[in-house]
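Undergrad: need a 3D model of the sequence below.
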Amino acid sequence: MQETFRSASPGWRLYGGPGAIERHLPEAVDRAGAKRAFVVCSPSILARTEIVSRIEAALGERYAGVFDGIENDSTFASVQAARAEAEAAHADLLIAVGGGSVIVAVRAVAIFMGETGNPFELMTQYPEGGRPFSPRLNAPKPPIVNLPTTPTSAMNRAGTGLKNPDLDHRMEYFDPKTRPVAVVLDD
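TA: Next up is the predicted model:
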């Protein structure tokens, strides 16, 4: 078996290589102090890969469940549904498995789990005739581990945008507390 790699910085860890899920994901969950890790993905990840079952086996009792309904373009409706299931599972850590839509959606799930305000008041505001502003989102958020399945610039960012057909613009949020605590690149 090839060697895996690990890179550490003060805010996050990067893990990679063959078997990185089994070899490094438990360490990332332990480092975050989590007891209930909840997976969020798209339907195709659960139906066409063994990634979620590998995560479940690697985490054992710390695996809290999965939501596999994130829609393309990170829709507000699918994020709200993921949030409800993560909260029902008493999740204290979120694992995003997929591409950019899932990774962006999980940041919004974390924001909605942490903040008590209305999502429409928490998003970036565009007052008529004024400058846009992003409300400060100060509440603690559940930590996030990203397990990208395709290259994406979304892997280590703090902003998120959701598609909502009821609005003429994306719902945008910025919260540095939604940067991942780890990125796991598995073969």
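Undergrad: pLDDT on stretch 93-101, on average?
TA: Model confidence over stretch 93-101, given as mean pLDDT, is 97.
Undergrad: lowest average confidence across helices and strands of this structure, where is it?
TA: None of the helices or strands of the chain scores lower by mean pLDDT, DSSP states H and E than strand 5-8, at a mean of 71.
Undergrad: so what strands line up beside that one?
TA: strand 13-17 (antiparallel) (DSSP bridges).
Undergrad: now the partner strand - C-alpha only, PDB.
TA: Output in PDB follows, covering the C-alpha atoms of strand 13-17 (Å, rounded to 0.1, in the frame of the first residue of the first chain):
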ATOM      1  CA  ARG A  13      -5.400  19.400   8.700                       C
ATOM      2  CA  LEU A  14      -5.000  17.900   5.200                       C
ATOM      3  CA  TYR A  15      -4.900  14.200   4.800                       C
ATOM      4  CA  GLY A  16      -4.500  12.100   1.700                       C
ATOM      5  CA  GLY A  17      -3.700   8.900   0.000                       C
END
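Undergrad: quick one on the thing from earlier: who touches the least confident helix or strand of the chain?
TA: 13-17, 24 (C-beta atoms under 8 Å, 6 or more residues apart in numbering). (C-beta placed from N, C-alpha, C; glycine too.)
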